[in-house]
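1. could you work out the structure for the sequence below:
(6 chains)
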Protein chains: 6
Amino acid sequence: MRANGLQEVWQQGRCALNAWLSIGSSYSAEVVAHLPYDAVTVDLQHGMFDIETALSMLQAISTTAAVPMVRVPANTAWLIQKVLDMGAYGVICPMIDTRDQCEAFVRTMRYPPHGDRSYGPARGILYGGADYVNGADEAVLSWAMMETKLALENLEQIASVPGLHGLYIGPSDLSMTLEGVISNPLSPRVIRELERVIQVARAHNLRVGIFCPDVAFARVMVASGCDLVTVMNDAGLLRKATGAIIAEMQITADL
Amino acid sequence: MRANGLQEVWQQGRCALNAWLSIGSSYSAEVVAHLPYDAVTVDLQHGMFDIETALSMLQAISTTAAVPMVRVPANTAWLIQKVLDMGAYGVICPMIDTRDQCEAFVRTMRYPPHGDRSYGPARGILYGGADYVNGADEAVLSWAMMETKLALENLEQIASVPGLHGLYIGPSDLSMTLEGVISNPLSPRVIRELERVIQVARAHNLRVGIFCPDVAFARVMVASGCDLVTVMNDAGLLRKATGAIIAEMQITADL
Amino acid sequence: MRANGLQEVWQQGRCALNAWLSIGSSYSAEVVAHLPYDAVTVDLQHGMFDIETALSMLQAISTTAAVPMVRVPANTAWLIQKVLDMGAYGVICPMIDTRDQCEAFVRTMRYPPHGDRSYGPARGILYGGADYVNGADEAVLSWAMMETKLALENLEQIASVPGLHGLYIGPSDLSMTLEGVISNPLSPRVIRELERVIQVARAHNLRVGIFCPDVAFARVMVASGCDLVTVMNDAGLLRKATGAIIAEMQITADL
Amino acid sequence: MRANGLQEVWQQGRCALNAWLSIGSSYSAEVVAHLPYDAVTVDLQHGMFDIETALSMLQAISTTAAVPMVRVPANTAWLIQKVLDMGAYGVICPMIDTRDQCEAFVRTMRYPPHGDRSYGPARGILYGGADYVNGADEAVLSWAMMETKLALENLEQIASVPGLHGLYIGPSDLSMTLEGVISNPLSPRVIRELERVIQVARAHNLRVGIFCPDVAFARVMVASGCDLVTVMNDAGLLRKATGAIIAEMQITADL
Amino acid sequence: MRANGLQEVWQQGRCALNAWLSIGSSYSAEVVAHLPYDAVTVDLQHGMFDIETALSMLQAISTTAAVPMVRVPANTAWLIQKVLDMGAYGVICPMIDTRDQCEAFVRTMRYPPHGDRSYGPARGILYGGADYVNGADEAVLSWAMMETKLALENLEQIASVPGLHGLYIGPSDLSMTLEGVISNPLSPRVIRELERVIQVARAHNLRVGIFCPDVAFARVMVASGCDLVTVMNDAGLLRKATGAIIAEMQITADL
Amino acid sequence: MRANGLQEVWQQGRCALNAWLSIGSSYSAEVVAHLPYDAVTVDLQHGMFDIETALSMLQAISTTAAVPMVRVPANTAWLIQKVLDMGAYGVICPMIDTRDQCEAFVRTMRYPPHGDRSYGPARGILYGGADYVNGADEAVLSWAMMETKLALENLEQIASVPGLHGLYIGPSDLSMTLEGVISNPLSPRVIRELERVIQVARAHNLRVGIFCPDVAFARVMVASGCDLVTVMNDAGLLRKATGAIIAEMQITADL
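-> Below you'll find the model as predicted:
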């Protein structure tokens, strides 16, 4: 079975760099995946597209060596198993707040006897290889998102669920549930909690990933021991770069 | 009928700023159109999508004040009339090399008696208003692309075709046909020819637009008297901005 | 943030007129939205399309002043939050039968601290404006559908859920659960219950909307104090009008 | 091979009633096709969709007994042969102005030795039957649109092209090329020309079809001897019916 | 209302042959449906497509006499009711493990008073006829999948749920939950359990369907009394047949 | 630049095996491309899909080592250049009947100074590499289809067009233009002509490809010196394999 490239990155002691797709286009997905990112995540939660477009984006990513992952919109078995069957090599599940929810998530990700994933790995076999079913439980990463006050309270219990591969931090939602607003830069309290998540993950041999609004914050997170950082998403980067053109041209116009 | 916003820009004496879409997504189109560009062009020639996606992109642009234009893939009547019926308020036609070609293009753009556009302005009426048919010949801009050696030879004849609104310069193809390569920066010969196009356009009361690979070049083109400049396309800007993240993060990794 | 046009209609003391879309096409959506309806609702429950087409329909509606709303197929958080992120300015949730269900619905609609909506308002920000997150809880309407016997029993408790904006009556399902059939005209018992819903809504400062099978019934509902009426859907109107042509032509053929 | 239902209608001495689709949706196509129309035409010229959606519309129509036809956007061989391969049982070709154009059109419609249609009748065989290739030249109707001044001048020569099945009149374009405007009702001159087209068709054993803006005009055309009449299109009927609701409701509001 | 063709097959004492679609294409669906299968099932669980493509596949199947069924991805009311509204004449629901789950499934499939299906049978009425609502509870088959150890334990209780039409056996998942692997051929234990399902179904007047990995197994299942057998899916058959070409050609190459 | 795998196959002295796609699905395309075919051709002429689906199919093929090619529907510059920009590494152009047509085709395929391909190789650069523009003229194969009587008459002149890479034989159309029917097996006359095409190709250092209705014929063609053989298409293979199941099962039923 095809190995998960992220595990190779981590064996090299590197922090993985992950791209984030919210534009529903297999072409823009392929443009991004051809850059040397370690992983590319298709965001089905806040992305402006649905499952079938996600399939074509996963195919586009699979033309490169980047690891294709999906952030699903909910801890819903059929959604998770659908993107697994489509060949996702990692699933980031939002709003895991309790140990029960985490166990359900991990069970959904795994075939019997460790889980209750239904058999039918259509594109999974194409991408992963003929022995996909035997290796999928290990090769396909399950990430539980830590993004609410409640998740922080249950952190230890969530982190100790067997079969879970990593915790993925959502700082925006975390800020909102902790502080009621999204402060930029993040408040000391939020930072403190992020660091606690990283420590607890380390203690349980879990990987830690995080969404970062900019490079400066991502650098801090790399230094803090994160295993995977995402810096902005495609729509945000497109808007920033396209807007910058206007700004630069208006300076001219003023002259 | 809805006026063409570009004509208002030009009445103010400004050079219009145009965005260029090659990603086939109504969401990324809307992201770009919400930036204060004067116009947004859907590129059906080198863009990675087809007519039906172009429709949804035109609709997305129409949620803003930006003027929706389309670069068609060829001087083909049914293609041009299809995007007109879809509400394009400007058509940029590639590879206009002779006066005959330009006359055919302009005829295609206009209703009888000045042209042979077929009646059926489906979305055109929604976007343009109930009196669309009466005003479309004037409000919808026809741009002939000047991008070959042959076009330059026939420049005067092309520029004098009645009903044509503007010339749009494609420096990449122009370089390739003049020099055999795309030099960056453009060669003095190409620059000289661009300036000649601008002068001839001025002499015939035509607008001049140009695709620019970067801001520096666009500034020169504004100074040279262009009426509309396009700076890069969405895919290029997305790649640049997304790639820059990797570069900035790797600096960190090196430390 | 962009105000919700329905609130302006109601401040004028008018009953809003709402169109209802079950055809999955951004073009037919735009055709309808260009008529002077106050709101246009994309029906994801019984409409013959899915989320991604709903996005293009919301974009099409957003080319006009009509308020874009979505009837979701279920009281499911990820579905509701997906259409919110897509810029819906109102969500009609079917089958709200208990206070618990209504509270869950309203919580899903609102950002912390009043709810648990996840942050990521992709197109919401484009449509609503940069301060979308601050104003969305108020500007985006949450409608609970009253369409079962059980809902009627729990009416007072449902209506008193804080943060709910309105009750939306589904007379067909209501008839079926109350009478076992869809009678036309509605039975006195159903009419009586509709009026009770309107009264309870009034008492709790909620708006009331209703789906009407024809204009005659809609007129009665306006007179009864409804704040928003929907008269038929696009497919029904298309069938009616297209069928009428056959009827009228056959009269000719008989002659 | 499946017979063409229109030929059965004509053998009964009836004028066929044809529906016209400009909304790109297989669901609305199926709604219309389930009404007792004799034929349903997918309009690829002014319709707001493209070839692949046309396929799904042809499939939707094929769930009924209505004859599926396509109005192609141009007299372009690959377009025409594509919709033939998709199972169209009639092709209406716009802007046939000369005998040469008509001959090219008919040649494109027919297999060797009578034409140069390329072999590969994918869905044609599913819809038409295993012997499709043998019968297609006869069963699949070729309609040349008469809609310009030039076409009228060449009428006799066009009508005498062997293999052509019918003339289809486009009164809007005809008005525009003859009078410079679309008058409603049609001018006496346009009416006179329509009648001449019908007479010439009769003389050459061709069928005559026509697009009609309303029932009154269609009745006249039936009386004049047309074999197939189209009355409005889906988008126009949807707009009319949906707009009528507003009008009827506003009367109420005024009270 | 249109009768369910499967019931006619069974009245003739035949075992029905069912095709299984995992490729998201209305064309390949139509190719398969034109073969003399009794039923064709659109697999939304492990198939590589989503609801909207399922609609076009159901339309394609409806051009033939084959009964259109859908395997939904989960026992989720809105999903099930959506495919019902799209005209599915049978729903195969995965992972029915308890009587409660089966009751919920059947309730979802039926209109009041026997169930809680919401009214709005858009395409259902087109396919089924004007009286669809009255007959749908009976004509549209509800199949509960038996595919886990737990389901076998609750078999009697599940089979006795009123309104259920059949049990559908998933041998792959059954093997995995019973044996931890998918053995081929199936283990004696799995075979024993399959036979028990068939007997229990018979005892409760339920139909039995089963997915078969090859013809040999399907023959055994027909002999064992199954009412409907599925042999492989479209993707598997395409891969097998396309791969066979390579094998046959390579023999040549070796010579 | 990425080399063309077919040239490597030929350097090994092998005849390449090519798959042919007429089903518009990126999943079935990927299923086929994962089999060890040397090339996979997306058929835009008789395939039941359009350009945008072709893009997703090319992406799916690009997840494997198979060479992605496209059969375009016509010798039309914008169509050909569009699929080139989408990353096709070979274009098969139908109905090349004269030297002029072949020269136009080859010119369209090549950048200046050898051709007039317009610059904008969007996905071409992703698939081919950063130096795509320099190498595309050589790496991307241009195949002229020989499939008419006229083509055979002009064979020598066509074969000598500089820059052409190969001749691709369409036996069905060739039979129809030579004999008026598609005989199976092919008539001696057609066979004789095929062999002449192969000889002429050899004499001009061109590659020869051919579409074969079955393996037996393909073996003969390999022996005759063809460089690339296609054996059936995906829809034909799917129909054959799926139909075979019915045949095999009915034998059972008869017992």
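
2. just to confirm, which helix or strand has the residue nearest in space to the middle of chain A in it?
-> In chain A, the centroid-proximal residue (Cα atoms, centre = their mean) is A:I92; its distance is 4.7 Å. Assigned by DSSP states H and E, A:I92 belongs to strand A:90-93.

3. wait, does stretch A:102-112 contact chain C?
-> No. On the criterion Cβ under 8 Å from any Cβ of the partner chain, stretch A:102-112 is out of touch with chain C, staying 14.0 Å away. Yep, even glycine has a C-beta here, placed from its N, CA and C like the rest.

4. does chain E sit close to that stretch?
-> Yes. Applying Cβ under 8 Å from any Cβ, one finds stretch A:102-112 touching chain E at A:111-112.

5. so for that stretch, mean pLDDT?
-> The average of the pLDDT scores along stretch A:102-112 is 98.

6. next: stretch A:59-69.
-> On average, stretch A:59-69 scores 98.

7. check which residues of stretch A:98-109 are buried.
-> A:99, A:101-109 (16 or more other Cβ atoms under 10 Å in any protein chain shown).

8. which residues sit against that stretch?
-> A:75, A:77, A:80-81, A:84, A:91, A:93, A:95-96, A:114-117, A:137, A:140, A:142, A:144, A:150, A:154, A:157-158, A:160-164 (Cβ atoms under 8 Å, 6 or more residues apart in numbering or on different chains).

9. packing partners of the one helix or strand A:E156 maps to?
-> Here A:E156, judged by DSSP H and E, is contained in helix A:155-159. Helix A:155-159 is packed against helix A:99-109, strand A:141-146, helix A:188-203, with contacts defined by 3 or more Cβ pairs under 8 Å, 6 or more residues apart in numbering or on different chains; DSSP states H and E.

10. just to revisit the earlier point, so what's the gap between the strand holding A:I92 and the chain middle?
-> 6 Å (Cα atoms, centre = their mean, to the nearest Å).

11. wait, what's in contact with the closest residue to chain E within the stretch 1-150 of chain A?
-> At 2.9 Å from chain E, A:G120 is the closest residue in the stretch 1-150 of chain A, using Cβ to the nearest Cβ. Residues in contact with A:G120, defined by Cβ under 8 Å, 6+ apart, are A:85, E:45-46, E:172.

12. so the lowest-mean-pLDDT helix or strand in chain A versus helix B:234-254, what angle?
-> Using mean pLDDT, DSSP states H and E, helix A:234-254 stands out as the lowest-scoring helix or strand of chain A, at a mean of 88. Counting by axes from the mean of the first three to the mean of the last three Cα atoms, to 10 degrees, helix A:234-254 lies at 110 degrees to helix B:234-254.

13. what is helix A:234-254 packed up against?
-> Partner elements for helix A:234-254 (3+ Cβ pairs under 8 Å, 6+ apart): strand A:16-21, strand B:16-21, helix B:26-33, helix B:215-223, strand B:228-231, helix B:234-254.

14. let's have these in CSV, adding distance to B:V181.
-> As requested, the helices and strands packed on helix A:234-254 are exported to CSV (distance: least, Cβ to Cβ, whole Å):
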stretch, distance to B:V181
strand A:16-21, 32
strand B:16-21, 22
helix B:26-33, 30
helix B:215-223, 17
strand B:228-231, 22
helix B:234-254, 19
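
15. could I get the ones you listed as TSV with mean neighbour count?
-> Below are the helices and strands packed on helix A:234-254 laid out as TSV (neighbours: other Cβ atoms under 10 Å in any protein chain shown):
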stretch	mean neighbour count
strand A:16-21	25
strand B:16-21	25
helix B:26-33	28
helix B:215-223	19
strand B:228-231	28
helix B:234-254	18
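
16. ok, which of those comes nearest C:L35?
-> helix B:26-33 (22.1 Å; Cβ to Cβ).

17. so what's A:R189 closest to, chain neighbours aside?
-> A:L178 (6.2 Å; Cβ to Cβ, 6 or more residues apart in numbering or on different chains).

18. do you know how far the one you found is from C:M69?
-> Here A:L178 is placed at a distance of 32 Å from C:M69 (Cβ to Cβ, to the nearest Å).

19. of those two, which one has the most company?
-> More neighbours surround C:M69 than the other of A:L178 and C:M69, with 31 against 21 (other Cβ atoms under 10 Å in any protein chain shown).

20. what sits against that one?
-> Contacts of C:M69 were listed using Cβ under 8 Å, 6+ apart, and they are C:18, C:39-42, C:88-92, C:141, C:143.

21. write the PyMOL selection for whichever of the residues you listed are buried.
-> Under the burial definition 16+ other Cβ under 10 Å, those of the contacts of C:M69 that qualify are selected in PyMOL by:
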select buried, chain C and resi 18+39+40+41+42+88+89+90+91+92+141+143
